[in-house]
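**Student:** Predicted model follows, preceded by the sequence.
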Amino acid sequence: MEDGEVSGTNHTHAESGYDPAYEWPGYTEVPQPTTVLNESLSSNFKPWSLLRLLVQTSSVLSRTQRLAVLDEHKEVQFGRDVAPAGSGTPRVRLKEMAVSKLHATMFWDAGRREWTVVDMGSKHGSFLRPGGYSGPTVSVGEDLGTRLSPSRVASFPRALKHKDALTIGSTTFVVHIHSDRISCEGCSSSGSGDNIIPLFPVSKGVKRAREEVGSIPSEERDAKKALTMLKRTLLSRHDTARSSASSQPSSYVDRSAKRRALFPSSPLDTPGVLSPRNDSPCVTSSGSVPMPETPAPPQPLPESNVGRQLLMKQGWQPGTALGSQENASGLVEPLEVSATSNRSGLGMPEKAPTSSSGDWRESGKQKRWADMIDKK
């Protein structure tokens with residue numbers, strides 16, 4: 001009998017000690033899921049879960065803007081300022097002082113395959129309420145949840161779950177995460193898209209032009225046609241403004257006549273007319289010329305005067321000049337000071353007072369007028 005030959009047909013496994021379970025099954029191929037092939041063939045496939053933020057309460061966002069759609073983005077920022085020019089990262093702008101310039105960031109963690117949120121070191125903090133929040137609106141002062149990090153300190157990434165509540169400033173977002181990338185009834189956008197929060201800054205001119213052009217149906221949407229209509233709208237508005245400005249006749253406006261009508265008065269250069277301005281130092285508010293005060297006549301010094309007593313102790317007698325008695329050329333009577341008028345200096349001859357002698361502007365006009373007549 002050769003090796004491996006069975007001696008009898010009635011030989012049982014129990015007698016030989018053989019069990020088919022001991023046999024090596026051989027190489028087996030693990031069937032790959034067909035979804036991987038279908039996902040790789042699909043050009044619109046995104047490897048991250050669908051994320052949308054539903055505004056629960058806010059004092060800075062518009063009442064019509066209640067939904068942030070992040071279907072095509074793996075990262076979104078929250079802050080008070082506009083995103084830098086040329087930045088491709090979307091940003092939800094919350095214009096209030098309780099929100100920092102760059103407050104927080106949400107991103108898709110490919111290693112853990114989950115959405116996470118990070119506080120970027122804000123002053124007033126970001127608050128997360130987990131556990132499927134679906135209650136009433138959250139206001140300031142109530143339990144906002146767990147603060148992600150202390151003030152001015154960046155936090156570690158915190159995983160987000162479906163219907164978590166994230167509070168930044170006075171705005172509370174309810175997180176909607178769908179792994180099948182199909183939005184639910186609560187986070188679906190309207191047909192016109194009016195309730196969607198803008199993620200990128202849009203210039204006012206382009207926005208106004210789009211509103212004038214109107215919405216184009218999706219089945220008739222064409223990029224070239226839309227761009228052409230936008231250019232025509234902007235150019236036509238510019239031409240209309242230019243034509244309206246050119247249609248108004250340019251007429252000369254006599255501002256001097258308007259000023260004379262508003263302030264009727266005689267010309268300042270007319271001789272014989274007092275100036276309406278009373279800023280001259282020699283003209284009072286009433287328009288009258290102040291007369292100089294006449295000094296009082298000198299009086300002899302009384303006996304109680306200290307200077308008189310000192311002079312008498314040194315030999316001076318009343319009615320005599322100062323100095324030695326041999327030289328009698330000294331003055332016995334003091335000099336009399338005569339007051340000047342019209343701001344004239346010492347030695348100026350006195351003039352007869354006139355109605356305009358106190359106005360230096362009027363005297364200058366009289367002099368110029370006399371010189372003009374002499375020249376003629």
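**Tutor:** Nice, I can see it.
**Student:** Please count neighbours and contacts with C-alpha atoms only from this point.
**Tutor:** Fine.
**Student:** what's the distance between the nearest residue to Gly330 once chain neighbours are set aside and Ala154?
**Tutor:** Leaving aside its chain neighbours, Gly330 sits nearest to Ala321 (5.2 Å; criterion: CA to CA, 6 or more residues apart in numbering). Distance of Ala321 to Ala154, given as CA to CA, to the nearest Å: 98 Å.
**Student:** What is the neighbour count of Leu301?
**Tutor:** Number of residues near Leu301 (other CA atoms under 10 Å) recorded here: 12.
**Student:** After the helix-or-strand element of the chain with minimal mean pLDDT, which helix or strand is next? Please name it.
**Tutor:** The helix or strand of the chain with the poorest confidence is helix 34-41; it has a mean of 43 (mean pLDDT, DSSP states H and E). Following helix 34-41 in sequence order, the next helix or strand is strand 50-57 (DSSP states H and E).
**Student:** Can you show me the CA trace of that following strand as CSV?
**Tutor:** The C-alpha trace of strand 50-57 is given here as CSV (Å, rounded to 0.1, in the frame of the first residue of the first chain):
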residue,chain,number,x,y,z
LEU,A,50,-21.3,67.8,5.2
LEU,A,51,-21.1,70.8,7.6
ARG,A,52,-23.7,73.5,7.9
LEU,A,53,-24.2,76.1,10.7
LEU,A,54,-27.7,77.2,11.6
VAL,A,55,-27.9,80.6,13.4
GLN,A,56,-29.9,80.2,16.5
THR,A,57,-29.6,83.8,17.8
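**Student:** re earlier: isn't the residue nearest to Gly330 right up against Leu311?
**Tutor:** No: counting by CA atoms under 8 Å, Ala321 does not reach Leu311; the two are 11.3 Å apart.
**Student:** out of these two, which sits in the more crowded spot?
**Tutor:** Neighbour comparison, Ala321 and Leu311: the larger count goes to Ala321, with 16 against 13 (by other CA under 10 Å).
**Student:** got a pLDDT number for that one?
**Tutor:** In this model, Ala321 is scored at 80, pLDDT.
**Student:** how far away is it from Ala223?
**Tutor:** Ala321 sits 115 Å away from Ala223 when distances are taken as CA to CA.
**Student:** For the stretch 101-250 of the chain, just list every one of the strands.
**Tutor:** 104-109, 114-119, 126-129, 146-147, 158-159, 165-168, 171-178 (DSSP state E, counting those that start in this stretch).
**Student:** Which of those sits closest to Leu54?
**Tutor:** Leu54 lies closest to strand 171-178 among the strands of the stretch 101-250 of the chain, at 5.0 Å (CA to CA).
**Student:** Give me the contacts around the closest one.
**Tutor:** Residues outside strand 171-178 that contact it (CA atoms under 8 Å, 6 or more residues apart in numbering) are 49-60, 133, 138, 160-167, 187.
**Student:** all helices of the stretch 1-150 of the chain, in order?
**Tutor:** 13-16, 34-41 (DSSP state H, counting those that start in this stretch).
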